[in-house]
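A.B. asks: output the structure for:
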Amino acid sequence: MTIPRTVRAVQGTDGVGEPHALAKALGLAVIPAVSLGFARFAYALVLPAMRTSLDWSFATAGTLTTANAVGYLAGALAAPVAAARLGERTVLLGGVLVTAASLAASALSGAMAVLLVLRLIAGIAGAAAFIIGGSLAARLGASDRGHSPALLLGVYFAGGGLGVALSGALVPAVLGASHWRAPWLLLGVLSLAVVPGCLPALGTAERRADGAAQARRERWPARTLAALLVSYGLFGAGYIAYMTFIVAFLRQHGAENSQVTVFWVVLGVAAALAGFAWSPVLGRLTGGRGSALLMGVVTVGAALPLVSASTTASYVSALVFGVSFLSVVTAVTACARQSLPARHWTAAIAGLTTVFAIGQCLGPVLAGTLSDGPSGIRAGLAIGAVLLAAGAIAALAQRQNRADAAA
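C.D. replies: Now for the predicted structure:
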């Protein structure tokens, strides 16, 4: 029976005191909750209040997102090397703790230079933790016969959705009762509070440090995933435009704190549940077809506010976008896992995250600059939807590859 096995996997052990793979994946899910849900996406919730208080343009607001993305790029490049030298456990825990500290420190100053540095640090540390956590989640699928790799990866990435939902439930309420600085302190405290959840899964990280060193010495065959790399870069540029400016768009159209809260919670809960819902579909799709399907759904969600700015349309947009955007990461990671030997997984995830981060560096500046033009935020959201559609088309060009062939 499937349900009892799943319950045992979450609550039980394998008979020798070691948590099952699903329980480990649930524990690891706190990593994307912090590195994505809190450190990346929650900025959109605080952005309107910061713009008003600090008199920022949309281009300036986008620059802070770009600083975080540049840090994410640096973290993606550094993660495999740092893991080989320091061990995966050290990099993962250190990344989460530094991310938490940078979030809390963002409450201390309104100076642009200080905030840029803190967003940069949050990006570096968050990316390092996210990549190592993703590599560990990918390994769980190789060692557990009771659950599909797509499900375990989906559970891991669903943590980002839980982070979005939690921040959406708390940050608007805090903003309504205090200054923009208070949410940053809250996010830092929340990040520290959830760290213990990932500790049971880190025994695997310690045993795999030597494997990371071996993978570092051997270049991974990036050409195997060329189309996926292009697609993922376009996705990074497109989705971040929506996630950065959608709340500002809603505020411009009269959304109150309660509406923003509902919007963000719907988006986050949909993203968390999608990790379970999409796994059977992704398990049947090969090559880049899973990524293309999900990017197509994300495109629809991103384009809906351009059709109607009504409250109902915004909630539907949150649902459609939320149910698909984090699952793109699952699909991309699953494709890399299918196509490459296990020794290349950490380097491949880092490489994919690198092009993703490059897209995230370019997307906010482009969308922010367009948002300052005559068409306003609508133009910034439109370019995001166009980039997402281009990413879906590019993903279709990714052929099916097998790990043994790549080896």
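A.B. asks: buried residues, the strand or helix carrying Cys335. List them.
C.D. replies: According to DSSP states H and E, Cys335 maps onto helix 311-339. By neighbour count with 16 or more other CB atoms under 10 Å, helix 311-339 contains the buried residues 311, 314-339. Glycine gets a C-beta too; all of them are placed from N, C-alpha and C.
A.B. asks: tell me the angle the helix or strand where Ala150 lies makes with helix 311-339.
C.D. replies: In this structure, Ala150 is located in helix 149-177 according to DSSP H and E. For helix 149-177 against helix 311-339, the angle by axes from the mean of the first three to the mean of the last three CA atoms, to 10 degrees is 140 degrees.
A.B. asks: buried ones in the helix or strand just after helix 149-177?
C.D. replies: For helix 149-177, the succeeding helix or strand toward the C-terminus, using DSSP H and E, is helix 181-194. For helix 181-194, burial by neighbour count (16+ other CB under 10 Å) applies to 181-188, 190-192, 194.
A.B. asks: sketch out the low-pLDDT regions of the stretch 201-350 of the chain for me.
C.D. replies: Along the stretch 201-350 of the chain, segments meeting pLDDT under 70 span 203-218.
A.B. asks: burial check on Val307, number of neighbours?
C.D. replies: Val307 has 9 neighbours, counted by other CB atoms under 10 Å.
A.B. asks: could you measure from the closest residue to it other than its chain neighbours over to Ala382?
C.D. replies: Of all residues not flanking Val307 in the chain, Ala313 sits nearest, at 6.7 Å (CB to CB, 6 or more residues apart in numbering). Going from Ala313 to Ala382 by CB to CB, to the nearest Å gives 15 Å.
A.B. asks: with Trp180 instead?
C.D. replies: Separation of Trp180 from Ala382 (CB to CB) stands at 28 Å.
A.B. asks: those two: which is more packed in?
C.D. replies: More crowded of Trp180 and Ala382, by other CB under 10 Å: Trp180, with 22 against 19.
A.B. asks: wait, the more buried one sits on Ser53?
C.D. replies: Yes - checked against CB atoms under 8 Å, the pair Trp180 and Ser53 is within contact range at 5.7 Å.
A.B. asks: assign Thr286 to helix, strand or coil.
C.D. replies: Under DSSP: H, G, I helix; E, B strand; the rest coil, Thr286 falls in the coil class.
A.B. asks: tell me the contacts of it?
C.D. replies: 338, 400 (CB atoms under 8 Å, 6 or more residues apart in numbering).
A.B. asks: how much space separates Val323 from Val297?
C.D. replies: Val323 is 7 Å from Val297, where distance means CB to CB.
A.B. asks: relative orientation of the host helix or strand of Leu362 and helix 311-339 in degrees?
C.D. replies: In this assignment (DSSP H and E), Leu362 forms part of helix 345-371. Interaxial angle, helix 345-371 versus helix 311-339 (the same axes, to 10 degrees): 150 degrees.
A.B. asks: helices and strands around the next helix or strand after helix 345-371, which ones?
C.D. replies: Note on helix 345-371: by DSSP H and E, the next helix or strand toward the C-terminus is helix 377-395. For helix 377-395, the packing partners by 3 or more CB pairs under 8 Å, 6 or more residues apart in numbering; DSSP states H and E come out as helix 226-252, helix 289-307, helix 345-371.
A.B. asks: just give me how far helix 377-395 sits from the chain centre.
C.D. replies: Centre-to-centre, helix 377-395 and its host chain are 18 Å apart (CA atoms, centre = their mean, to the nearest Å).
A.B. asks: could the helices and strands packed on helix 377-395 be laid out in JSON lines, adding distance to Pro200?
C.D. replies: Output for these, formatted as JSON lines (distance: least, CB to CB, whole Å):
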{"stretch": "helix 226-252", "distance to Pro200": "30"}
{"stretch": "helix 289-307", "distance to Pro200": "29"}
{"stretch": "helix 345-371", "distance to Pro200": "21"}
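A.B. asks: closest one to Leu162 among those helices?
C.D. replies: Set against Leu162 and scored by CB to CB, the helices and strands packed on helix 377-395 come closest in helix 226-252, at 15.7 Å.
A.B. asks: coming back round to it: next, the angle from the helix holding Ala150 to helix 181-194.
C.D. replies: Using the same axes, to 10 degrees: helix 149-177 against helix 181-194 is 140 degrees.
A.B. asks: Val164 and Gly268 touch, don't they?
C.D. replies: Yes - between Val164 and Gly268 there is a contact under CB under 8 Å: 3.2 Å.
A.B. asks: higher neighbour count, these two?
C.D. replies: Each of Val164 and Gly268 has its neighbours counted (other CB under 10 Å); Val164 has more, 34 against 27.
A.B. asks: ok, residues contacting stretch 174-192?
C.D. replies: Here stretch 174-192 makes contact (CB under 8 Å, 6+ apart) with 34, 38-39, 42, 45-46, 49-50, 53, 96-97, 99-108, 166-167, 170-171, 257.
A.B. asks: quick one: buried ones out of the residues you listed?
C.D. replies: Burial by neighbour count, 16+ other CB under 10 Å: within these this picks out 34, 38-39, 42, 45-46, 49-50, 96-97, 99-107, 166-167, 170-171, 257.
A.B. asks: was I right about Gly283 contacting Leu152?
C.D. replies: No - here Gly283 does not reach Leu152: they are 11.2 Å apart, not a contact under CB under 8 Å.
A.B. asks: of the two, which one has the most company?
C.D. replies: More neighbours surround Leu152 than the other of Gly283 and Leu152, with 28 against 15 (other CB under 10 Å).
A.B. asks: ok, now how distant is that one from Ala392?
C.D. replies: Leu152 sits 25 Å away from Ala392, going by CB to CB.
A.B. asks: for Thr286, same thing?
C.D. replies: Following CB to CB, the distance that separates Thr286 from Ala392 is 16 Å.
A.B. asks: for Thr224, same thing?
C.D. replies: Noted for Thr224: a distance of 20 Å to Ala392, by CB to CB.
A.B. asks: over to Ala104?
C.D. replies: Separation of Ala104 from Ala392 (CB to CB): 38 Å.
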